[in-house]
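Peer 1: need a structure here:
(one chain, ligands or ions: 1)
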Amino acid sequence: MLRWQIEMAVICNKVLRIPDVVFQKMSDTILNTFEVLIEIIMPQAHSLKKFNTFGVEASCDQFFRFHHERDIQDWLAGLPIPKEKFFVLGGGSNLLLLNHIPLTFMQADIQGIRYEDKGESVIVHAGAGVNWHELVMDTLDKGYSGLENLSLIPGNVGAAPIQNIGAYGVELEQRFVSLRAVDLYSGACKTFLHDDCQFGYRDSIFKRELRGQYVITEVQLKLDKKPELVLTYGPLKVLSKQKQVLTAKDVSNEVIRVRQSKLPDPEKLGNAGSFFKNPVVNQQQYNNLKIRYPDLVAYPVGNDAFKLAAGWLIDKAGLKGYRHGDAGVHQQQALVLVNHGNATGEDILNLAAYVRDTVKTEFDVELEPEVWIIGEQQVFS
Ligand SMILES: Cc1cc2nc3c(=O)[nH]c(=O)nc-3n(C[C@H](O)[C@H](O)[C@H](O)COP(=O)(O)OP(=O)(O)OC[C@H]3O[C@@H](n4cnc5c(N)ncnc54)[C@H](O)[C@@H]3O)c2cc1C
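Peer 2: I've put the predicted structure just below:
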């Protein structure tokens with residue numbers, strides 16, 4: 001709570017003699033209303049440092065947080081801000097923020113997890129503000145499987161469909177049923193089914209045609225009562241040899257162990273996970289590269305296409321552990337750019353451009369950022 005919010009609670013209790021229990025029930029709505037009013041009456045730059053896992057200093061024009069879908073609709077109805085001036089924030093784990101961003105940031109901090117029995121399966125309904133990993137843990141604790149390979153991915157539920165999060169052989173779309181979202185232009189609520197989302201590799205319609213138009217408020221996923229474990233990914237393959245009866249919890253524990261040993265914890269070293277997507281090349285390009293680099297790491301994806309491991313390319317280009325000031329390429333994971341302390345968003349952006357250009361020169365392959373770069377001009381050139 002901010003200081004004024006605490007003071008508000010005291011006033012309600014001491015002056016207006018509203019008992020604590022009643023205040024707590026009212027407080028969500030009261031605080032929300034006051035937050036909105038204060039933002040409108042006294043607009044001020046808001047620091048976003050604690051809202052991005054790179055931990056860079058940045059600010060925005062206004063910042064609103066909502067706890068209910070209805071509040072978002074009411075707020076939009078009475079608001080004179082042009083809708084293209086909005087940016088919807090989740091947990092800030094897939095963003096690179098640059099200096100002052102002249103936008104209104106809003107966060108759908110909608111909590112709640114609910115299960116719907118469907119016989120052999122269950123549908124979990126999760127609020128956009130639920131922490132993703134906490135959702136995964138909750139489903140496993142209840143004995144439902146399906147999300148175990150996606151353990152420990154940072155961020156919130158509302159952002160998960162945006163880039164169709166994926167890890168260790170599983171993508172969100174395999175479990176996705178539908179989502180609810182509020183249209184920032186009309187204020188109307190809409191349900192998107194699986195096909196409406198046009199999921200792809202780290203991609204969905206919300207990154208393309210519908211970019212910036214919707215705030216997701218709830219996601220529904222299908223889970224199994226009887227686990228069908230996905231153990232195709234390297235480190236998970238050995239699990240089945242170690243234990244006769246494997247549970248979804250075992251898989252989750254292994255995923256957590258491997259992730260913790262490989263990826264830097266943003267709490268200790270600022271980062272946003274993989275900075276670049278794995279680039280896809282055609283057969284001809286793949287053949288040429290394979291002749292020059294017999295140890296090239298690549299996977300076939302459909303006809304005539306290969307996905308290259310971007311981390312391998314960066315490593316091979318000699319950039320693993322490279323550092324310019326406080327912006328660096330991670331020592332163990334070349335795909336992860338890190339903030340060693342006081343790097344600015346610009347420092348990390350310059351490093352990313354250097355990495356991209358070096359890879360282009362060495363391999364003639366174009367790296368595209370997976371991370372959203374948000375600044376006044378939102379460019380990466
Ligand atoms: C250490 C680390 C490891 C990671 N590992 C993985 C991994 O294995 N696999 C993977 O896929 N990703 C990974 N990521 C990236 C990141 O965790 C995911 O992209 C995550 O889904 C981002 O969630 P967020 O809530 O932090 O979203 P943010 O970073 O806040 O936002 C990301 C995008 O989603 C939009 N958005 C957020 N919430 C909403 C909403 N409610 N409605 C509409 N739009 C919204 C934002 O506008 C933005 O465009 C990793 C990140 C880190 C730091």
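Peer 1: Give me the neighbour count for P161.
Peer 2: 25 (other C-beta atoms under 10 Å). Any C-beta I mention is one placed from the backbone N, CA and C, and that applies to glycine too.
Peer 1: which residues touch it?
Peer 2: By C-beta atoms under 8 Å, 6 or more residues apart in numbering, P161 lies in contact with 172, 176, 179, 197, 199, 204, 206, 216, 219.
Peer 1: now with 7 Å?
Peer 2: Neighbouring residues of P161 by C-beta atoms under 7 Å, 6 or more residues apart in numbering: 172, 176, 179, 197, 204, 206, 216, 219.
Peer 1: For the third one, list each beta-bridge partner.
Peer 2: Think L179. F192, V219 (DSSP bridges).
Peer 1: I'd assumed P227 was in contact with E120.
Peer 2: No: counting by C-beta atoms under 7 Å, E120 stays clear of P227, with 11.7 Å between them.
Peer 1: neighbour-wise, which of those two wins?
Peer 2: Shown here are E120 and P227; by other C-beta under 10 Å, P227 has more neighbours (19 against 8).
Peer 1: Low-confidence ranges, this protein, go.
Peer 2: 1-45, 81, 377-381 (pLDDT under 70).
Peer 1: Name the residues of it found near the ligand, please.
Peer 2: 53, 87-95, 108, 128, 153-156, 158-160, 162-163, 165-167, 214-216, 263, 266, 271-273, 372 (C-beta under 6 Å from any ligand atom).
Peer 1: what are the phi and psi angles of K237?
Peer 2: phi -60, psi -40 (degrees, to the nearest 10).
Peer 1: how close does the residue nearest to it when sequence neighbours are not counted get to the ligand?
Peer 2: Spatial nearest neighbour of K237, chain neighbours left out: L231 (5.7 Å); criterion: C-beta to C-beta, 6 or more residues apart in numbering. According to C-beta to the nearest ligand atom, to the nearest Å, L231 and the ligand sit 17 Å apart.
Peer 1: same question, S178
Peer 2: 14 Å.
Peer 1: What segments of the stretch 251-381 of the chain are helices?
Peer 2: Ranges of helices within the stretch 251-381 of the chain are 283-292, 310-316, 345-363, based on DSSP state H, counting those that start in this stretch.
Peer 1: Tell me which residues are up against the shortest one.
Peer 2: Yep, that's helix 310-316 we're talking about. Applying C-beta under 7 Å, 6+ apart, the external contacts of helix 310-316 come out as 276-279, 293, 297, 320, 329, 333-335, 355, 359, 363, 365, 367.
Peer 1: quick one, what contacts the residue of the stretch 251-381 of the chain found nearest the ligand?
Peer 2: The ligand sits closest to G273 of the stretch 251-381 of the chain, with a gap of 2.5 Å, by C-beta to the nearest ligand atom. Applying C-beta under 7 Å, 6+ apart, we find G273 in contact with 93-94, 336.
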